[in-house]
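>>> Here is a sequence together with a model predicted from it:
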Amino acid sequence: MKTPLFKNSIKAGLLSLVLVLVTVLGFKSSAQAQAVKNVVLVHGAFADGSGYKALFNELTKKGYNVTVVQNPLSSLEDDVRAVTAALDKQDGPTILVGHSWGGTVITEAGNHPKVAALVYIAALQPDKGETSVQWLQTAPPAPENGVLAPDDKGIVYYDKAKFHAGFCADISKEEADFMYASQGAFYAKGFITPITNPAWRNKPAYGIVATEDKSINPDIERAMYKRSNTIITEIKGSHVVFMSQPKAVAAVIIKAAENAAAKK
């Protein structure tokens, strides 16, 4: 006959076993959620990689390994090569992130085998045979938009007088002035080069709509993302929402990483 003391010992043992299992499984779940640790950030036109500093800080303090690509902006092919070189150096699955023109770049470069998911930040997302300019022409530009016509070298710049209001209205004037001064020389031929193999057709995609965007009409962003079944997050912010709302943008990237890890 089992005594109450013996029964209590069995119960205590089972409880301890359950607690151990819960702890072990909890650690396993946490490890799986962090399995995709690499993030590659791709900037757009009229910018360079320095604009990603705040987002870099948000991601690295969460334990992510972040690489910021400096696009040459000389052509779609050249930018894809720069991103591919960065992806080659990653030590495992990677979340590939593109802003603005960078969305077109990651659409092509995202076919790299190390890319686990794509994140589009107020970005272009063409399909096979489509160009960036096709989508930019699907809605009228905002009055604040300051994209100028190509110069005699085929380079497109942003109007200095409109840069703060049209490109980055929700960051300080000092930050906007630096961003304008450090923008790359973007060659217009990139805008008219068609995509050959859109990675979003084969990889999970997440898209951020910047609701106050004056450089790419938010309705264009919504239309592209809806067409591709991209998971959409709307964030109140300018075209550089990754600078003004880095925590909110980082949360989307982290969710993409966690979801990619869960599918492994």
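Nice, thanks for sending it over.

>>> The host helix or strand of residue 85: how far from the chain's middle?
Element membership for residue 85, per DSSP states H and E: helix 76-88. Averaged C-alpha coordinates place helix 76-88 at 16 Å from its chain's average position (C-alpha atoms, centre = their mean, to the nearest Å).

>>> same question, stretch 254-264
14 Å.

>>> buried sites along stretch 92-100?
Within stretch 92-100, the residues that count as buried by 16 or more other C-beta atoms under 10 Å are 93, 94, 95, 96, 97, 98, 99, 100. For every residue, glycine as well, the C-beta is placed using N, CA and C.

>>> what does stretch 48-55 give?
48, 49, 51, 52, 54, 55.

>>> Please list all residues in contact with the fourth one.
This points to residue 52. Residue 52 is in contact with 41, 43, 68, 242, counting by C-beta atoms under 8 Å, 6 or more residues apart in numbering.

>>> Out of the buried residues of stretch 92-100, name the ones that lie in strands.
Those of the buried residues of stretch 92-100 mapping onto strands are 94, 95, 96, 97, 98, 99, per DSSP state E.

>>> re earlier: tell me which other helices or strands the helix holding residue 85 touches.
The contact analysis (3 or more C-beta pairs under 8 Å, 6 or more residues apart in numbering; DSSP states H and E) places helix 76-88 against strand 38-42, strand 65-69, strand 94-99, helix 101-109.

>>> which stretch among these comes nearest residue 230?
For the helices and strands packed on helix 76-88, proximity to residue 230 was assessed by C-beta to C-beta; helix 101-109 is nearest, at 10.4 Å.

>>> Quick check: the nearest residue to residue 231 once chain neighbours are set aside vs residue 200, distance?
In space, residue 231 comes closest to residue 206 once its chain neighbours are excluded; the distance is 4.8 Å by C-beta to C-beta, 6 or more residues apart in numbering. Residue 206 is 10 Å from residue 200, where distance means C-beta to C-beta, to the nearest Å.

>>> I appreciate the help and will end here.
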